[in-house]
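Asks: Output the structure for:
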Amino acid sequence: MRDASARKGDLVRKLRVLFAYAGSPSNPGWMTGDAQLKEQIEWVPLGIEANGSLQRVIQTLRQLQRPDQFDVVISNEYYISFAVNAWLLVRQHALPHAIWGLNQSRRMLTQPLVRSLANMVFARSNLVVTHSRAEQAIFRDVHDIPAGTFRFVPWGFDLPRIDPQPFRADIRPYACLVGRNNRDIATFIAACTEAGIAGVVISSEKDIAELRTSKPDHIELHADLSFERCLACLRDSAFSAVLLNDDQRGAGHITMVAAMMLGKAQVVSDAQVIADYVESPTHALKIPIGNTFAAAQAFRRLIEATGERIAMERSAQAHAFAHYSNSAISAHLKSVLAELTGSDSVRRIDNAA
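Replies: Here you go, the predicted structure:
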């Protein structure tokens, strides 16, 4: 690792940051593409394409380079982050490591013996960023990560160009449920039926396979569409629904931010894991988890109360552009980097902001 005096100036001169993430090596994601951060950071992207959890650990360990080539390492997925921490522990290296966006998109290491090892490995993290405050309590309970290690940073990004072709011009208006993780598709379909409106579901094939033969005619099911097509579905919908099965897993952040940026009203579950993003009824209508009657009422309200829906759309979009854009999130990232490197040259953003 470079000496401390060099690192202190790197937020002005340039930090050399290893970014280990889940995805294609040719597509390092929003973090490395932000123009403001490019001026201050030399990104070294490490894309991990493996799909299986163990395979991600193995691929990460095989592709990591010498830690003394970097000032900071950032990782963004549970098993990749586990591998990075294990790599640093084995090498007994002091390279600062932040996990960015720790979440439960995969099964966690909770078997008794494995959990003890995982607790030791995850304790190596210098900072852990979550995209909801509720997830901090989840990971404190599971892996004994000290409370002072956590920082809350909302999920955010700039919308890419969206295909101008209509998603489905023949079934408007429709409600849209997009998401692969912790989605209550059954309640969404039942609420659409009770409210008398069409619905479009975009999820994983695993989650919708059993529904294909029993779905009503006014419901469309799509599996594993591209992000651009998901955005087109949200754009053309009457409103977006983020309905969760439970409040024990973080989920819905990407969909909620995308819908807000597209100027869409939303119906969301009243769950702590997504409570940081929307105010009801300013940005969305909240309903109890699993309550079909309340969901149907909210669906009808957004379809029938045009003025209220338009006001909600405008408020949500303004809020998203102010707080969830690349430039807004890059300020949080610079704060995390300043804390990791001990630099005072970048203003820190309070954890409670």
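Asks: And the strands in the stretch 1-150 of the chain?
Replies: Here the stretch 1-150 of the chain has its strands, by DSSP state E, counting those that start in this stretch, at 15-22, 41-48, 72-75, 97-100, 127-130, 150-152.
Asks: so which of those strands comes closest to residue 63?
Replies: Evaluated over the strands of the stretch 1-150 of the chain, closeness to residue 63 peaks at strand 41-48, with 5.9 Å, by CB to CB. For every residue, glycine as well, the C-beta is placed using N, CA and C.
Asks: Report the buried residues of that closest one.
Replies: Using 16 or more other CB atoms under 10 Å as the test for burial, strand 41-48 gives 41, 43, 44, 45, 46, 47, 48.
Asks: What residues are bridge-paired with the last one?
Replies: In other words, residue 48. residue 22 (DSSP bridges).
Asks: What of the third one?
Replies: In this entry, residue 44 is beta-bridged to residue 18, by DSSP bridges.
Asks: what's the closest residue to residue 89 other than its chain neighbours in contact with, if anything?
Replies: With sequence-adjacent residues excluded and distances taken as CB to CB, 6 or more residues apart in numbering, residue 89 is closest to residue 124, at 5.4 Å. By CB atoms under 8 Å, 6 or more residues apart in numbering, the residues touching residue 124 are 85, 86, 88, 89, 97.
Asks: same thing but at 10 Å, please
Replies: 81, 82, 84, 85, 86, 87, 88, 89, 97 (CB atoms under 10 Å, 6 or more residues apart in numbering).
Asks: Among the residues you listed, which pair sits farthest apart?
Replies: 81 and 89 (12.6 Å).
Asks: who touches both of these two?
Replies: The contact lists of residue 81 and residue 89 share 121, 124, where a contact means CB under 10 Å, 6+ apart.
Asks: follow-up on the earlier one: distance to residue 197 and pLDDT added to the buried residues of strand 41-48, as JSON lines?
Replies: Listed next are the buried residues of strand 41-48 as JSON lines, based on distance: CB to CB, whole Å; pLDDT from 0 to 100:
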{"residue": "41", "distance to residue 197": "46", "pLDDT": "88"}
{"residue": "43", "distance to residue 197": "44", "pLDDT": "90"}
{"residue": "44", "distance to residue 197": "48", "pLDDT": "92"}
{"residue": "45", "distance to residue 197": "43", "pLDDT": "92"}
{"residue": "46", "distance to residue 197": "45", "pLDDT": "94"}
{"residue": "47", "distance to residue 197": "40", "pLDDT": "94"}
{"residue": "48", "distance to residue 197": "40", "pLDDT": "95"}
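Asks: Report the helix or strand with the lowest average pLDDT across this structure.
Replies: Using mean pLDDT, DSSP states H and E, helix 4-13 stands out as the lowest-scoring helix or strand of the chain, at a mean of 49.
Asks: Might one say that residue 331 is in contact with residue 36?
Replies: Yes. Using CB atoms under 10 Å, residue 331 makes contact with residue 36 at a distance of 8.6 Å.
Asks: Please, where are all the helices along the stretch 51-200 of the chain?
Replies: All helices of the stretch 51-200 of the chain, identified by DSSP state H, counting those that start in this stretch, fall at 53-63, 78-91, 112-122, 133-143, 185-195.
Asks: ok, now how distant is the residue nearest to residue 89 from residue 90?
Replies: 10 Å (CB to CB, to the nearest Å).
Asks: tell me the contacts of residue 173?
Replies: 197, 198, 236, 237, 238, 239, 302, 303.
Asks: for the residues you listed, which one is nearest residue 54?
Replies: Checking the contacts of residue 173 one by one against residue 54 (CB to CB), the nearest turns out to be residue 237, at 37.9 Å.
Asks: Neighbour-wise, which one of the contacts of residue 173 leads?
Replies: residue 302 (27 neighbours; other CB atoms under 10 Å).
Asks: Tell me which helix or strand comes right after the helix or strand hosting residue 297.
Replies: Secondary structure assignment for residue 297, by DSSP states H and E: helix 292-304. Toward the C-terminal end, the helix or strand that comes next after helix 292-304 (DSSP H and E) is helix 306-323.
Asks: Can I get that following helix in PDB, CA atoms only?
Replies: Listed next in PDB are the C-alpha coordinates belonging to helix 306-323 (Å, rounded to 0.1, in the frame of the first residue of the first chain):
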ATOM      1  CA  THR A 306     -55.600  11.600 -11.700                       C
ATOM      2  CA  GLY A 307     -54.700  14.900  -9.900                       C
ATOM      3  CA  GLU A 308     -53.300  13.100  -6.900                       C
ATOM      4  CA  ARG A 309     -51.300  10.800  -9.000                       C
ATOM      5  CA  ILE A 310     -49.800  13.600 -11.000                       C
ATOM      6  CA  ALA A 311     -48.800  15.500  -7.900                       C
ATOM      7  CA  MET A 312     -47.200  12.300  -6.500                       C
ATOM      8  CA  GLU A 313     -45.300  11.700  -9.700                       C
ATOM      9  CA  ARG A 314     -43.900  15.200  -9.800                       C
ATOM     10  CA  SER A 315     -42.900  15.200  -6.200                       C
ATOM     11  CA  ALA A 316     -41.200  11.800  -6.500                       C
ATOM     12  CA  GLN A 317     -39.300  12.700  -9.600                       C
ATOM     13  CA  ALA A 318     -38.000  15.900  -8.000                       C
ATOM     14  CA  HIS A 319     -36.900  14.000  -4.900                       C
ATOM     15  CA  ALA A 320     -35.100  11.400  -6.900                       C
ATOM     16  CA  PHE A 321     -33.200  13.800  -9.100                       C
ATOM     17  CA  ALA A 322     -32.100  15.700  -5.900                       C
ATOM     18  CA  HIS A 323     -31.100  12.600  -3.800                       C
END
